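Novice: okay, sequence plus prediction incoming.
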Amino acid sequence: MRINCFASANVLATFAALTHTAQNVDAFAVIEKKNSVQLSSLSSSITSTTSEKKRVQRAELDPWRDFDKLRGGLDVVKLKDFFVKRPQLVVSRLVEVTTTAKAAKEEWDTGIPDPAFENGGSYEFDYVPEDDMGVKEGATIYRGANLVNRMSALGPVAVKIAQTLSQRADIVGDEVCDSLKRLQTANIPFDDNLAMAVIKESLNWNGPIAPGIGIDDSNKNDKPLFKWISEKPIAVASLGQVYKATTHEGEDVAVKVQRPDGMALLAKDAICFKVVLAAFEAYKNILPGQAFDKGLIGNTVDRVAADMTNELDYIKEAASGVKFEESLSFLGFVKVPKVYKKYSTERVLVTDFVKGNHLNKLTKEQGVAMTRMAVEACTASLVLTGFVHADPHEGNLMLDDEGNIVFLDFGLMSDVEDTIMEAFAQGIQACLAEDWVSLTKAFKSSGFISNPIEWKVDDSTDSDFVPVGYDPITGEDLGIDELKKDLEKSMRGEEGGTSRFGALAAVLNNLSEKWKMSTPPYVLLLIRTFLTLEGIAGRVDPDFNIYEMAMPWAIRRSLSPSTLEGISTLRSTILTKDDRIQWPRLLEFVETAMAENEKEEVASSIDKQPIKTDAVVDEAPKEKSAESAKSGAMNDAVVTLLGSPEGTVLRRMIRDLDSIDLVSRLLSKDAKPLRKQAVMALSVEDMKRRDRCSSSTIEVETSATTTDRPMSDECAKLREKQLKWTRKITTMIVKEHLMKQLKAGPKAW
């Protein structure tokens, strides 16, 4: 049976902590070169406009004006001071959440199921009931529509929870999942008159918004702000709704307007979460063996309360979008809409109107391509740039007409430290390689597991966690080997253990009964990012392995560490202390690779049995496309590393390598398997090259339409420059080692 996600209001409170942690971004520190969006100029222009004219205040917005004092960073002290004088708001909000959650469950249990899901299945792609923002007159109201209305009524926090769940059909089922998808871009809108009031007050504008829109007796003869604007929103999300407009210069733009009650709802939810979770922590501490680290939940809520208002500051959002695009410019396929500073403020954001489509409007091939690019972009940002989009649901992803992926909505972002980036890179590789010791160490480095590692010796729920201990000789934490055993058993027993992020999360949750674990506040948004992406991937391709697509960028990070510990780990993995190759480790790697190749050959021979069906025929291009995508990602991630600034550690290590010792070992009897593997690899590459040359024009065209990766001119120039330096550096290093060989002579071999 599916897990019922509406059993109690506590579920909402728990998920809310997951969805609203965001790092502060310096709003005016980023300058977009390509689009010339000078954010500091934006701030000064807004200030200048404000000082020149009397500040416009709309009476329609007065009910929420008191909450504006909480903007600019919702710290705990400010929050407490505000609500200590208004305790009735906290009580009423808690009652509202509880009664609404209860009503949602009852309506779901007694409501009319959507017939599209009678057999447990969904439409080929995503069923998004967004043709109309409301229910058509006379139409049957299914229980999914009631669920959406209830979640929407609870405000932005509940909507964020629903958006996350809308990507997880494996958790809540197809009907709940696809019903909640409406909340990504087709949430219940707020009043259009309020939206126009927000625009006028934010932009200090007294005139009409557009011909026929926002007109009153005092301004009917004034020039309108826009040449045209849609009467109704074209998309509605958790904290704002979007109108399409045309500027007087003839440019189509998207006008994002913040909910007037957004700050009020977030503030009330923040204090409610703090009250509920603090009570939960106190309750857990009373129970024997159930104690949390002191302040663990409280610190998490404090972090949430301090950072969640970033999503209410569209100036910061604009800055984050610029920073995100620039940080991933090396990929060549990540785009962000251009910001129009003339019309943008803290509560109104005007950007380019993207010419493209969301996932539900794409073909399956386009959907797979967009998902791959999304996983690559988010993985690269997680392990390389450290600036991650934390809200990549379908409503915030588009494929433009040129084949690029366009990210929208940068209110929820996450900063990642170097040590954490390297830990995640290590974890991704370890998971694919089924290296459980390295995976355990990665969890420890990232803070998921206590340090030192603690456990319950007798598995009793009433016992306390105690340290496993240390090796008296090496000083190594003995908990690593013990936890590794349980981790391996659980991962092998969990369906999709080494291919699905959700399966890994489930394993950790189960192990937490015996092992002391926690979810660090910084990682909450990262979990949300990859659970969301995996949900999308699972719908476009059930066989999609998120780790395999992330692998190239994890390898790049591992080969370009920036911390002292990471550099030391890389060198010790490849070289000995006297700079000789780790020969036993290299031979072990080759033997493992040969064993894997033999398995693949056996599997391939079985697949080639004379059983021809349409399903088998259809799988061939799919597998070819997947391999092409992974190959392209690996090429982009690793090939240019040697010639890039991040390749300093790798270059130094190759130069330090004792090549005389390496040549000597390569000529030894022990190296026979390695030489054989090298010849086989060269042979395979030659066959692939011949196959590519002999491919028909039709196959080439088909491949180009489904697997080619778009690349910006800027990225192409950067890639060419890095390849040029890679060739130059490679030549220099080879010459240097050849000179060493010549000086040593044949006797050294």
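Specialist: Now that the structure is in, tell me what you want to look at.
Novice: for stretch 440-460, what is the distance to the chain centroid?
Specialist: Taking C-alpha atoms, centre = their mean, to the nearest Å, the mean C-alpha location of stretch 440-460 is offset from the chain mean by 25 Å.
Novice: can you name the residues in contact with it?
Specialist: With C-beta atoms under 8 Å, 6 or more residues apart in numbering as the test, stretch 440-460 has contacts from 289, 419-420, 422-424, 426-427, 430, 463-470, 477-480, 482-484, 487, 508, 513-520, 522-523. (C-beta placed from N, C-alpha, C; glycine too.)
Novice: could you rerun that using 7 Å?
Specialist: Stretch 440-460 is contacted by residues 289, 419-420, 423-424, 426-427, 430, 463, 465-468, 477, 479-480, 482-484, 487, 508, 514-517, 520, 523 when judged by C-beta atoms under 7 Å, 6 or more residues apart in numbering.
Novice: same question for stretch 244-256.
Specialist: Stretch 244-256 is contacted by residues 210, 226-230, 234, 240, 242-243, 337, 340, 348-353 when judged by C-beta under 7 Å, 6+ apart.
Novice: on that earlier part again, among the contacts of stretch 440-460, which ones are in strands?
Specialist: Among these, the members falling in strands (DSSP state E) are 466-467.
Novice: which residues sit in contact with the residue lying closest to residue 438 once chain neighbours are set aside?
Specialist: Spatial nearest neighbour of residue 438, chain neighbours left out: residue 430 (3.8 Å); criterion: C-beta to C-beta, 6 or more residues apart in numbering. Shown in contact with residue 430 (C-beta under 7 Å, 6+ apart): 438-439, 442.
Novice: most neighbours of all these, which one?
Specialist: residue 439 (25 neighbours; other C-beta atoms under 10 Å).
Novice: list the buried residues for the host helix or strand of it?
Specialist: Here residue 439 sits within helix 436-446, counting by DSSP states H and E. For helix 436-446, burial by neighbour count (16 or more other C-beta atoms under 10 Å) applies to 436, 438-446.
Novice: and stretch 507-521, by the same measure?
Specialist: With burial defined by 16+ other C-beta under 10 Å, the residues of stretch 507-521 counted as buried are 507-508, 511, 514-519, 521.
Novice: kindly report the same for stretch 342-362.
Specialist: 343-354, 356-360, 362.
Novice: and what of stretch 677-691?
Specialist: Quick answer for stretch 677-691 (16+ other C-beta under 10 Å): residue 677.
Novice: cool, and stretch 234-251?
Specialist: The neighbour-count check on stretch 234-251 (16+ other C-beta under 10 Å) flags 234-247 as buried.
Novice: same thing with stretch 207-227?
Specialist: Neighbour-count burial for stretch 207-227 flags 207-210, 213-215, 219, 224-226 (criterion: 16+ other C-beta under 10 Å).
Novice: what does stretch 478-489 give?
Specialist: Residues of stretch 478-489 classed as buried under the neighbour-count rule (16+ other C-beta under 10 Å) are 478-480, 482-484, 486-488.
Novice: now it: mean pLDDT?
Specialist: What stretch 478-489 shows for mean pLDDT is 91.
Novice: distance from the chain centre to it, please.
Specialist: From the chain centre to the centre of stretch 478-489 is a distance of 28 Å (C-alpha atoms, centre = their mean).
Novice: reformat the buried residues of helix 436-446 as a markdown table; add pLDDT and distance to residue 274.
Specialist: Listed next are these as a markdown table, based on pLDDT from 0 to 100; distance: C-beta to C-beta, whole Å:
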| residue | pLDDT | distance to residue 274 |
| --- | --- | --- |
| 436 | 89 | 38 |
| 438 | 89 | 38 |
| 439 | 89 | 34 |
| 440 | 91 | 33 |
| 441 | 90 | 34 |
| 442 | 88 | 31 |
| 443 | 87 | 28 |
| 444 | 88 | 29 |
| 445 | 86 | 30 |
| 446 | 83 | 26 |
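Novice: now, which of the buried residues of stretch 507-521 sits nearest residue 413?
Specialist: Residue 413 has its nearest neighbour among these in residue 521, at 14.6 Å by C-beta to C-beta.
Novice: packing partners for the host helix or strand of residue 565?
Specialist: Assigned by DSSP H and E, residue 565 belongs to helix 564-574. Packing partners of helix 564-574 (3 or more C-beta pairs under 7 Å, 6 or more residues apart in numbering; DSSP states H and E): helix 648-656.
Novice: just the C-alphas of the helix it packs on, formatted as CSV.
Specialist: Output in CSV follows, covering the C-alpha atoms of helix 648-656 (Å, rounded to 0.1, in the frame of the first residue of the first chain):
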residue,chain,number,x,y,z
THR,A,648,46.4,21.7,-10.8
VAL,A,649,46.4,18.8,-8.4
LEU,A,650,46.1,16.2,-11.2
ARG,A,651,48.9,17.9,-13.2
ARG,A,652,51.2,18.0,-10.2
MET,A,653,50.5,14.3,-9.4
ILE,A,654,51.3,13.2,-13.0
ARG,A,655,54.5,15.2,-13.0
ASP,A,656,55.6,13.7,-9.7
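Novice: pLDDT (mean, whole number) over the following helix or strand past that helix?
Specialist: Next helix or strand after helix 648-656 toward the C-terminus (DSSP H and E): helix 659-666. Here helix 659-666 scores 88 as its mean pLDDT.
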